[in-house]
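Novice: task: produce atomic coordinates for the following.
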Amino acid sequence: MTPEEICAHETRLISQADRQRYFDDGGIVVPDVVGGQWLQRCRNAVARLKRQSESLTQSDKVFDLEPGHRPDNPRLRRVSSPCDQDAVFWELLTEGPLGDLAMDLLGPDVKFYQAKLNFKSPKGGTEVRWHQDHPFFPHTNHAVLTMGVYLEDCTLDHGPLEIIPGSHKGEIFNHYDSGGVWRGEISAADSSRIDDSTAKVFDGAAGSVTIHNYRTVHGSKPNRSDGARPLLLYVLSAADALPYTFQPLQSAYEQAVVRGRPASHAHHEPGRFRLPPDWSGGYGSIFASQQKEAG
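Specialist: Next comes the predicted model:
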């Protein structure tokens, strides 16, 4: 759907001004979306997943570990497809407020693409350098966004999400290096053209939700605090936006309709975009790609 088509529908959880800010800037943060009971259930699930990861010695398809991870010093970076690991994460999306929030920005028919649970460990948890999501999973149109739920308070010291406002209206940058290797970040040749002095920082209390369009340039600094920063991420699209490429994070829920009805037509926007690597044989996390880790 186009922004004009989406804005023809009444909002449910945010104001029309907030919706317009999302379309102008390419991202917003909405406080007090996820309430205490949902937060506690999600935190309990996160604790269970962290305990499962402690005995691992290397990353697998579900758990992505920082270098130096040990049972006595666990450094978990990501849980892939958390909705498939614990039902509460899918229930939060479909039965909680997030589905209605997605309708405000994607229109009445909303579809699930993927989810992940990202962590930044205390005292130096991995930064995420400037990138866009579009190069990872291009779709037929740009009504694609990522919602991030802060499960704990996220201050400036925790490394919150940052966006470059208005960047979603510009070019899709190259995320390969000069040798043609995928790095999952904007290339050095292009990064000099990004004015990071304009960045907006989306810190927020637990239960706040960050939202950014998949064309928006975004990233986050390392976690310098004494506490962890768990961030639950959902990638959603308008029902008429179809992915061009293989889904690297396999889920039983891929393309499931979260709100409304399935699309009867695909909406295509013009453009010529470079495709990501063929991940049908496996996928490394953005952390591993940006840190140039083997595999």
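
Novice: what's the spacing between the residue located most distally from the centre of the chain and I172?
Specialist: Relative to the centre of the chain, and counting by C-alpha atoms, centre = their mean, the farthest-placed residue is D72 at 29.1 Å. For D72, the distance to I172 equals 43 Å [C-beta to C-beta, to the nearest Å]. No exception for glycine: its C-beta is placed from N, CA and C like everyone else's.

Novice: quick check on A47: phi, psi?
Specialist: Dihedral pair for A47: phi -60, psi -40, per degrees, to the nearest 10.

Novice: can you tell me how far it is from P3?
Specialist: Noted for A47: a distance of 39 Å to P3, by C-beta to C-beta.

Novice: what's the answer for V30, then?
Specialist: Taking C-beta to C-beta, one finds V30 at 18 Å from P3.

Novice: Q20 now?
Specialist: Where P3 is concerned, Q20 sits at a distance of 9 Å (C-beta to C-beta).

Novice: ok, P138 next?
Specialist: 19 Å.

Novice: just P276 next, same as before
Specialist: Distance of P276 to P3, computed by C-beta to C-beta: 25 Å.

Novice: the more surrounded of the two?
Specialist: Comparing P276 with P3 by other C-beta atoms under 10 Å, the one with more neighbours is P276, at 20 against 17.

Novice: the more buried one: which element?
Specialist: Secondary structure from DSSP states H and E places P276 outside every helix and strand.

Novice: so it sits against Y176, correct?
Specialist: No: counting by C-beta atoms under 8 Å, P276 does not reach Y176; the two are 9.2 Å apart.

Novice: next, show the common contact partners of the two.
Specialist: Here P276 and Y176 have W182 as joint contacts, going by C-beta atoms under 8 Å, 6 or more residues apart in numbering.

Novice: list the contacts of stretch 183-191.
Specialist: Outside stretch 183-191, the residues within contact range by C-beta under 8 Å, 6+ apart are 129-132, 136, 173-178, 194, 217, 286, 289-290, 292.

Novice: how about the helices of the stretch 101-250 of the chain, start to end?
Specialist: 188-191 (DSSP state H, counting those that start in this stretch).

Novice: where exactly do the strands run in it?
Specialist: Assigned by DSSP state E, counting those that start in this stretch, the strands in the stretch 101-250 of the chain fall at 110-118, 128-131, 144-150, 161-163, 200-202, 209-213, 218-220, 231-238.

Novice: chain center to the fourth one, what's the gap?
Specialist: Pointing back at strand 161-163 there. Put simply, strand 161-163 sits 11 Å off its chain's centre (C-alpha atoms, centre = their mean, to the nearest Å).

Novice: strand partners (parallel or antiparallel) of that strand?
Specialist: strand 200-202 (antiparallel), strand 218-220 (antiparallel) (DSSP bridges).

Novice: buried residues in that strand?
Specialist: By 16 or more other C-beta atoms under 10 Å, the buried positions in strand 161-163 come out as 161-163.
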